[in-house]
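# no FASTA, just this:
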């Protein structure tokens, strides 16, 4: 039986990853572990000394870990939807090469998102192991937190791909990371509850996928009651995934098969 | 070689980008087993035509059947039977030559066992067996082109389309590629080649169309095009800077077919010796005089008044 076209794209990405994974280990895995050590252990000692009752009833490192899990998934998704896509459509034009084969735009886009999902899973799952090793949550709870992390990673991969495929200038990507990804990493409830933000900024945090993922992850892993109904958060994240996915096809078509 | 079976039939084929007409209603047929060329300068509409044949770009008008399939509605099925060599190098630079070929072959769902043998054969064919495990980024431009040539043959295509296969290569690398393409032709592979090099078209193409401004301006074998559109010989006259403009009339009086270019004058003639004698006996004092046979470059010049490569 013929292999589905999108799975042929996934296989190609896996082949590339097999040769290039070493370069991505630092950013996608070691970085969050360093954050967990510096913030969770280092800064956490000070936070815990000031908050005897803890944040949401838990120590700072415990509070931080599910947040970092989601943030890591978000960054992996953003990476898959940006540099990878730009290389495919512009720098190396390897996506154009794919389109000279039976693969068409929809299977190219779908296969790309499938692979991004696998990448998000690999990175998030590694972090879950670290969480368990740090004794932050039980293995089952930590695995449960993987689910919202995956949703956030997929949402970012899909929306970022839609953004990148519309970019005319490569310079848009560093700007995107500077003004969207990093602020989202810092101010969406990963490191502190968004109630600490100035009142006018809180609604901004509410619309980020990271905020919803973090609330879900803390609910599942630590039993901290979320600020938003979990089903609303899940639906919201699914909307990002599907919406982004739909918005990918047209710009790729314009760009790669004009 | 049978010329009966028609692999491509295009009627009134059109490609527009907004108001810009890239391909302006062209008709052509490509027969099984022939090497068919699109010759023309940059911007003539060659690449747009190739992309439509390769089901990588929708047609704006007209109709076309490729291998009996409709590129618009049967793209994936059609592309599975085509080999494509694009103008740009779009190999994965971080992977090895062999990995690039495996990856591409897997897009066609070829089994690993089939690929193993075929890749060995193809690397032998493009003389890169010893580079199988080299990273693409470490290869020269000519070698990368050869990898792309091999890649395009991975699915044993019924139709092999090459867009400017040797542009940007040094003369030696071009000759290596021509030799390989010539061998493919000998094996009966149907080739479609676009080029703006007249020597490439002359060497490789059985039949070609000359394109300019999105239209086909002439069609035939290289030999018949030259015979139909130009006299047998050309005398090229070079003059010191500034002189050419002042003697245009004298040159035009030498033959009813002349071309004044930026740096030289071309006089078309059936008797080069006689023309040279006229020049040397007359008052003109060219720096150099060169007599040569007419080429496809001259055909293009005669038809459009412009050169192929500016």
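Ah, there it is. Just so you know, these numbers come straight off a predicted model, no measurement behind them. Numbering: from 1, shown residues only, chains lettered A, B, ... in the order given.
# could you say which helix or strand contains the nearest residue to residue A:195 once chain neighbours are set aside?
Nearest residue to residue A:195, sequence neighbours excluded (CB to CB, 6 or more residues apart in numbering or on different chains): residue A:202, at 7.3 Å. C-beta: built from backbone N, CA, C; applies to glycine. Taking DSSP states H and E as the criterion, residue A:202 maps to helix A:202-207.
# What are the buried residues along that helix?
Using 16 or more other CB atoms under 10 Å in any protein chain shown as the burial criterion, the residues of helix A:202-207 that qualify are A:202, A:205.
# Please apply the same query to stretch B:20-38.
Per 16+ other CB under 10 Å, stretch B:20-38 contains these buried residues: B:21-26, B:28, B:30-38.
# Show me which pair in those is furthest apart.
Using CB to CB, the buried residues of stretch B:20-38 reach their maximum pairwise distance at B:21 and B:33, which is 32.3 Å.
# Stretch B:135-143: how far from the chain's middle?
23 Å (CA atoms, centre = their mean, to the nearest Å).
# Spell out, range by range, the helices that occur in chain A.
Using DSSP state H, the helices of chain A run over residues A:5-25, A:31-35, A:44-50, A:60-81, A:83-86, A:94-98, A:105-133, A:139-164, A:172-176, A:182-187, A:202-207, A:209-222, A:230-256.
# Mean pLDDT added to these, as TSV?
Output for the helices of chain A, formatted as TSV (pLDDT from 0 to 100):
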stretch	mean pLDDT
helix A:5-25	92
helix A:31-35	88
helix A:44-50	92
helix A:60-81	96
helix A:83-86	94
helix A:94-98	96
helix A:105-133	95
helix A:139-164	97
helix A:172-176	95
helix A:182-187	96
helix A:202-207	94
helix A:209-222	96
helix A:230-256	97
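# Need the residue closest to the centroid of chain B.
The residue lying closest to the centre of chain B (CA atoms, centre = their mean) is residue B:195, at 2.4 Å.
# give me the element the residue lying closest to residue B:66 once chain neighbours are set aside is part of.
Spatial nearest neighbour of residue B:66, excluding adjacent residues (CB to CB, 6+ apart): residue B:8 at 5.1 Å. For residue B:8, the element it lies in under DSSP H and E is strand B:6-17.
# again with residue B:36
Using DSSP H and E, residue B:36 falls in strand B:35-39.
# Next one: residue B:99 relative to residue A:20, how far apart?
11 Å (CB to CB, to the nearest Å).
# Who are the contact partners of residue A:51?
Listed by CB atoms under 8 Å, 6 or more residues apart in numbering or on different chains, the contact set of residue A:51 reads residue A:60.
# what about stretch B:54-72, how long is it end to end?
10 Å (CA to CA, to the nearest Å).
# got it, and stretch B:266-282?
17 Å.
# now stretch A:94-107
15 Å.
# what's that stretch in contact with?
The contact list for stretch A:94-107 (CB under 8 Å, 6+ apart) reads A:4-6, A:8-9, A:12, A:87-89, A:108, A:111, A:249, A:252-253, A:256-257, B:54, B:56, B:75-77, B:79-80, B:82, B:84, B:86, B:88, B:90-92, B:104, B:107-109, B:155.
# Residue 165 - how many residues pack around it?
I went with chain A, as the question did not name one. Counted with other CB atoms under 10 Å in any protein chain shown, residues neighbouring residue A:165 total 26.
# wrong one, chain B
26.
# For it, which non-adjacent residue is spatially closest?
residue B:85 (5.5 Å).
# Check residue A:47 too.
residue A:60 (4.2 Å).
# The one you found against residue A:38, yeah?
No - checked against CB atoms under 8 Å, the pair residue A:60 and residue A:38 is beyond contact range at 11.8 Å.
# coming back round to it: could you report the neighbour count for the residue nearest to residue B:165?
Other residues close to residue B:85 by other CB under 10 Å number 23.
# Look at it and report its pLDDT.
Looking at residue B:85, its pLDDT is 96.
# List the contacts of it.
B:148, B:149, B:152, B:160, B:161, B:162, B:163, B:165.
# how much space is there between it and residue A:222?
Taking CB to CB, one finds residue B:85 at 57 Å from residue A:222.
# same thing with residue B:69?
Counting by CB to CB, the gap from residue B:69 to residue A:222 is 58 Å.
# So which of the two has more stuff around it?
Set residue B:69 next to residue A:222 and count neighbours by other CB under 10 Å: residue A:222 wins out with 20 against 17.
# picking that back up, I figured the residue nearest to the centre of chain B hits residue B:36, correct?
No - using CB under 8 Å, residue B:195 is not in contact with residue B:36, being 11.6 Å away.
# From residue B:203, how far out is the closest residue to residue B:84 other than its chain neighbours?
The shortest distance from residue B:84 to any residue other than its chain neighbours is 3.9 Å, reached at residue A:100 (CB to CB, 6+ apart). Here residue A:100 is placed at a distance of 25 Å from residue B:203 (CB to CB).
# now residue A:115
Residue A:115 is 43 Å from residue B:203, by CB to CB.
# Tell me which of the two has more neighbours.
More crowded of residue A:115 and residue B:203, by other CB under 10 Å: residue A:115, with 23 against 17.
# what number of residues lie near the nearest residue to that one once chain neighbours are set aside?
Counting by CB to CB, 6+ apart, residue A:115 lies nearest to residue A:13, which is 3.9 Å off, once chain neighbours are set aside. Counted by other CB under 10 Å, the residues lying close to residue A:13 total 20.
# Kindly report the same for residue B:193.
26.
# Let's verify it: helix, strand, or coil?
strand (DSSP: H, G, I helix; E, B strand; the rest coil).
# Chain B contacts on chain A?
A:2-3, A:5, A:8, A:11-12, A:15-16, A:19-20, A:92-94, A:96-104, A:257-258 (CB under 8 Å from any CB of the partner chain).
# which among the contacts of stretch A:94-107 end up buried?
A:5-6, A:8-9, A:12, A:87-89, A:108, A:111, A:249, A:252-253, A:256-257, B:54, B:56, B:75, B:79-80, B:82, B:84, B:86, B:90-92, B:104, B:107-109, B:155.
# what residues are up against the residue nearest to residue B:66?
Taking CB under 8 Å, 6+ apart, one finds B:28, B:29, B:30, B:53, B:64, B:65, B:66, B:67, B:159, B:192 in contact with residue B:8.
# Can I get those residues in a markdown table including secondary structure?
Output for the contacts of residue B:8, formatted as a markdown table (three-state DSSP):
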| residue | secondary structure |
| --- | --- |
| B:28 | strand |
| B:29 | strand |
| B:30 | strand |
| B:53 | helix |
| B:64 | strand |
| B:65 | strand |
| B:66 | strand |
| B:67 | coil |
| B:159 | strand |
| B:192 | strand |
